[in-house]
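Asks: Need coordinates for the below:
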Amino acid sequence: MAITLKEVEHVALLARLYLSEEEKQAYTQQLNSILEYMQKLNELDTAAVEPTAHVLPLKNVLRDDEVRPGLPREKALAGAPEAQDGQFKVPRVV
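Replies: Numbers count the residues shown, from 1 in each chain. Sure, this is the predicted structure:
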C-alpha cells in the first residue's frame with residue numbers, strides 16, 4: 001500500500017496545513033518509506049511473542065495512605081493576595 005501525492009494533499013487540507021510542492025513530495029516519500037518498513041515488520045513471525053504495552057516491566061510505586069495533619073489555614077492563606085472569612089478571595093467570574 002503506497003501513499004499518493006493526492007492523499008498527502010487531502011490530509012494537509014484536513015489539517016489546514018499549507019505545504020509547498022517540495023514538502024508534499026518529501027512527505028509522500030517519507031510516508032511510503034515508513035509503510036515499506038512496516039511491511040517488513042509484518043513479515044516477522046510474532047506468534048510466540050506476548051503482547052506488551054512497554055518493553056520494560058514497569059509498575060506504579062505508590063505510598064500507603066496515611067492520615068496526617070494538613071496545613072494550618074493561617075499558613076495556607078499567608079501567601080494569598082487577599083483572604084476573607086478564612087478563604088481565598090478571588091475576582092468574580094461571570
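
Asks: how much space between the residue of the chain most remote from its centre and residue 77?
Replies: Residue farthest from the centre of the chain, counting by Cα atoms, centre = their mean, is residue 85 at 41.0 Å. Residue 85 sits 10 Å away from residue 77, going by Cβ to Cβ, to the nearest Å. For the C-beta atoms, the positions are set from N, CA and C on the backbone; glycine is no exception.

Asks: Can you check the distance spanned by stretch 7-26, start to finish?
Replies: End-to-end span of stretch 7-26 (Cα to Cα, to the nearest Å): 13 Å.

Asks: Average pLDDT for it, rounded please.
Replies: For stretch 7-26, mean pLDDT rounds to 96.

Asks: Equivalent analysis for stretch 71-78, please.
Replies: For stretch 71-78, the per-residue pLDDT averages 91.

Asks: how about the CA coordinates for that stretch, as PDB?
Replies: Taking C-alpha atoms only, stretch 71-78 is exported to PDB below (Å, rounded to 0.1, in the frame of the first residue of the first chain):
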ATOM      1  CA  LEU A  71      -1.500  22.700  56.500                       C
ATOM      2  CA  PRO A  72      -2.900  25.200  59.100                       C
ATOM      3  CA  ARG A  73      -5.400  27.600  57.500                       C
ATOM      4  CA  GLU A  74      -3.300  30.700  58.500                       C
ATOM      5  CA  LYS A  75      -0.200  29.300  56.900                       C
ATOM      6  CA  ALA A  76      -2.100  28.400  53.700                       C
ATOM      7  CA  LEU A  77      -3.600  31.800  53.400                       C
ATOM      8  CA  ALA A  78      -0.300  33.600  54.300                       C
END
